[in-house]
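Colleague: I would like to see how this sequence folds:
(chains A and B)
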There are 2 protein chains.
Amino acid sequence: MRIALDAMGGDHAPAVTVAGAVAAARRLGVGVALVGARPAIEAELAKHQTAGLDLTIVEASETIGMDEHPAQAVRRKPNNSISVATRLVKEGQAAAVVSAGNSGAMMAAALFVLGRIKGIDRPAIATVFPCTGGQVLLIDVGAITDPDPANLVQFAQMGDIYLRAVFGVARPRIGLLSNGEEPTKGSKLVQEAHALLRQQPGLNFIGNVEGKDVPAGLADVVVCDGFAGNVLIKTAEGVATYIRQVLREEVTRTPWHTLLALGLRGAFRRVGARLDYAEFGGAPLLGVEGVVIIAHGRSNARAIENAVRVARQAAEQGTVAAIRALSPVIA
Amino acid sequence: MRIALDAMGGDHAPAVTVAGAVAAARRLGVGVALVGARPAIEAELAKHQTAGLDLTIVEASETIGMDEHPAQAVRRKPNNSISVATRLVKEGQAAAVVSAGNSGAMMAAALFVLGRIKGIDRPAIATVFPCTGGQVLLIDVGAITDPDPANLVQFAQMGDIYLRAVFGVARPRIGLLSNGEEPTKGSKLVQEAHALLRQQPGLNFIGNVEGKDVPAGLADVVVCDGFAGNVLIKTAEGVATYIRQVLREEVTRTPWHTLLALGLRGAFRRVGARLDYAEFGGAPLLGVEGVVIIAHGRSNARAIENAVRVARQAAEQGTVAAIRALSPVIA
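Modeller: Predicted coordinates:
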């Protein structure tokens, strides 16, 4: 199986994308098509031992920057690395596409090249988040800011399929993000979605969950509109950064404290690792005709490797076909 | 000056409410009217040195539980401690009301007894939050889940007034919570509010801010709908709890680590204090005809004391009159 990787995407590309691809090819035995500027990719590959690894380069003459307008850039630059990588999926030459580049451009390319799955009104971006007891899948975290209640039901169904397939959760508990536990709490959107979700026989819907319940691991899938989901993940990121900063200040207040903290360095590092998005392998765009994984723009090689691993898992487990099979349920 | 305190409100009432009132009376020299069941309050007061302190008891024969339907409970129990305390403000016998009880009931009582300030369409709950460089005021955090863009402009104006008056911030930077920095980002609500906020000459509007920018202290006032604001504060609370738990697990993994961590106990405690909501003194309900401070249900005595301090400050600084003076601007 081969995964198409946008070698030019992300803050530290192509160094970390190539390093991540090499690690994925070696450790997971997966093929990776590195898509982008051949000379730059070759220069990076030369820094690694690649003998016997299934690594290929697919030339893409253009690159989309992080600040470019997604849809316009995808249209104006037909040979950008994201679109070329996505076309490999469309043409059956790759089982999935991974990009740590402009996430809006990845979405636009997925919609233009692969298209929506029939019956899915709006694709959504899901993300996996560390929490007490393991991980929680949040869907949507930014694909659509003003969904309707029926969209949220589809998000729940897609999240359910993805978590079963990729994380092996048998019967995911589905929660609806709200500002209170009671069914009467929430915006109009959430109240209507709550009523619809209760009627879905296939879903293990546990009702509303609050922001504090997400890190507490009360649900396996948390359904929300892309605006609230985006606020949630970015707030979590910001709070973690802030706490780390406060902690660093306090444990280095005196030389004695600094010495003690030095002895706990390993423990602090493990805390960091447990909170690290890089371990969870990127955010799937669900509802399009192909496996698409959006990695964090600040991805390191380990994050890229994990994104490739998750992409392979999603492809092997047939998440796209499973979502396609929802259509009769939905229609 | 006297503050009316709902002595029966909160998870640990009346023990912590009375203890907080005693501390406030002693340290701040403020008068506190303890409103609730006289025998229970007297029993708690007997545990403290109260000679020379301006503490009075005002009998309220009924109490509203945390799980009761707010508006119904306020109507059915006219002599509940929250309503009685609020009437003291209405009648000029107290300068402000503080409750750590059922926050919906506090809102309902404020609307029934005090009423909205003319020209303010929807009162909002603001809350103060620790962040890099000090504190940030978030408004709204749950009073109204589906505001319109004009409501958000009023939230910005009220937040601006409150932060100047109570925290002495000279020219608060006003940010609008969104899922991206660009003015084109956000839900329809946020995009329309953005356009309106740019036109307000009196406000130092700095544009959109993201969830991660709130703990980073990029704005002094962050304006949002009550749904997103509630998600934000509860996510921050949940993430802080989760990180504390992960940290505790990692620094106590071996006896040696535990010993080192013991030496850093003071530092860890200071981290906790810096993240503690109790230091910030509760959430003002802005837009009603009186100073109303909603304290956290889990308030300890220190949180109650700080809520009383903030209530006095808001009353002394004339925040209600200042918001009232907005009317011509708004109309």
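Colleague: So A:E181 is in contact with A:E210, correct?
Modeller: Yes. At 6.8 Å, A:E181 counts as touching A:E210 under the criterion of CB atoms under 8 Å. Where C-beta positions appear, they are placed from N, C-alpha and C, glycine not excepted.
Colleague: Quick check on those two: which one has the bigger neighbour count.
Modeller: A:E210 (22 against 14; other CB atoms under 10 Å in any protein chain shown).
Colleague: how about the strands of the stretch 101-250 of chain A, start to end?
Modeller: Using DSSP state E, counting those that start in this stretch, the strands of the stretch 101-250 of chain A run over A:124-131, A:134-139, A:173-177, A:204-209, A:221-223.
Colleague: And chain B, is whichever helix in chain A runs longest touching that?
Modeller: Longest helix in chain A, counting residues (DSSP state H): helix A:226-251. Yes. Residues of helix A:226-251 are located near chain B by CB under 8 Å from any CB of the partner chain, namely A:226-228, A:230-243, A:245-247, A:250-251.
Colleague: Point out where the stretch 201-331 of chain A drops to low pLDDT.
Modeller: A:277-280, A:327-331 (pLDDT under 70).
Colleague: For the residues of helix A:226-251 next to chain B, which ChimeraX command selects only the ones that are buried?
Modeller: A single ChimeraX command selects the buried members of the residues of helix A:226-251 next to chain B (16 or more other CB atoms under 10 Å in any protein chain shown):
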select /A:226,227,228,230,231,232,233,234,235,236,237,238,239,240,242,243,246,247,250,251
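Colleague: returning to what we had before: ranking the strands of the stretch 101-250 of chain A by burial, who's on top?
Modeller: Greatest average neighbour count among the strands of the stretch 101-250 of chain A goes to strand A:221-223 (a mean of 31), per mean count of other CB atoms under 10 Å in any protein chain shown.
Colleague: Tabulate the strands of the stretch 101-250 of chain A (CSV), appending distance to A:A315.
Modeller: Shown next, in CSV, are these (distance: least, CB to CB, whole Å):
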stretch, distance to A:A315
strand A:124-131, 16
strand A:134-139, 18
strand A:173-177, 24
strand A:204-209, 25
strand A:221-223, 20
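Colleague: Show the end-to-end separation of stretch A:5-15, please.
Modeller: Terminal residues of stretch A:5-15 lie 13 Å apart, using CA to CA, to the nearest Å.
Colleague: Does it reach chain B?
Modeller: No. Against chain B, stretch A:5-15 shows no contacts by CB under 8 Å from any CB, the least distance being 15.6 Å.
Colleague: what pLDDT, on average, does that stretch get?
Modeller: Mean pLDDT, stretch A:5-15: 95.
Colleague: And the contacts of it?
Modeller: By CB atoms under 8 Å, 6 or more residues apart in numbering or on different chains, the residues outside stretch A:5-15 that reach it are A:16-18, A:20-21, A:32-37, A:40-41, A:44, A:57, A:60, A:63, A:66, A:81-82, A:85, A:97-102, A:106, A:295-300, A:304, A:308.
Colleague: now, which of the residues you listed lie within strands?
Modeller: Among the contacts of stretch A:5-15, the members found in strands (DSSP state E) are A:32-36, A:57, A:97-99.
Colleague: Got a quick ChimeraX command for the buried subset of those residues?
Modeller: Provided next is the ChimeraX selection string for whichever of those are buried by 16+ other CB under 10 Å:
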select /A:32,33,34,35,36,57,97,98,99
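Colleague: which residue packs closest to the most centrally placed residue in chain A, ignoring adjacent ones?
Modeller: By CA atoms, centre = their mean, the mean C-alpha position of chain A lies nearest to A:A283, the distance being 0.6 Å. For A:A283, ignoring the flanking residues on the chain, the nearest one in space by CB to CB, 6 or more residues apart in numbering or on different chains is A:T127 at 4.1 Å.
Colleague: Just list the residues touching that neighbour, thanks.
Modeller: A:T127 sits in contact with A:137-139, A:141, A:229, A:233, A:280, A:283, where contact means CB under 8 Å, 6+ apart.
Colleague: Can you tell me which of the residues you listed lies closest to B:N151?
Modeller: Distance to B:N151, by CB to CB, is smallest for A:G229 among those, at 22.6 Å.
Colleague: So that closest one sits against A:A143, correct?
Modeller: No. With contact defined as CB under 8 Å, A:G229 does not reach A:A143; the gap is 9.1 Å.
Colleague: Mind checking the strands of the stretch 101-250 of chain A for the one nearest to B:I3?
Modeller: Nearest of the strands of the stretch 101-250 of chain A (CB to CB): strand A:204-209, 34.7 Å.
Colleague: could you dump that closest one to CSV, C-alpha only?
Modeller: The C-alpha trace of strand A:204-209 is given here as CSV (Å, rounded to 0.1, in the frame of the first residue of the first chain):
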residue,chain,number,x,y,z
ASN,A,204,-24.6,5.1,21.1
PHE,A,205,-25.7,8.7,21.8
ILE,A,206,-25.0,9.6,25.5
GLY,A,207,-26.4,13.1,25.3
ASN,A,208,-24.8,16.5,25.8
VAL,A,209,-21.3,16.9,27.1
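Colleague: Against which helices or strands is that strand packed?
Modeller: strand A:173-177, helix A:188-198 (3 or more CB pairs under 8 Å, 6 or more residues apart in numbering or on different chains; DSSP states H and E).
Colleague: how about the shortest one, does it reach chain B?
Modeller: Yes. Contact between strand A:173-177 and chain B, assessed by CB under 8 Å from any CB, occurs at A:L177.
Colleague: That strand - contacts with which helices or strands?
Modeller: helix A:149-167, helix A:188-198, strand A:204-209, strand A:221-223, helix A:226-251.
Colleague: partner strands of it, parallel or antiparallel?
Modeller: Taking DSSP bridges as the criterion, strand A:173-177 sits next to strand A:204-209 (parallel), strand A:221-223 (parallel) in its sheet.
Colleague: tell me the mean pLDDT over it?
Modeller: 98.
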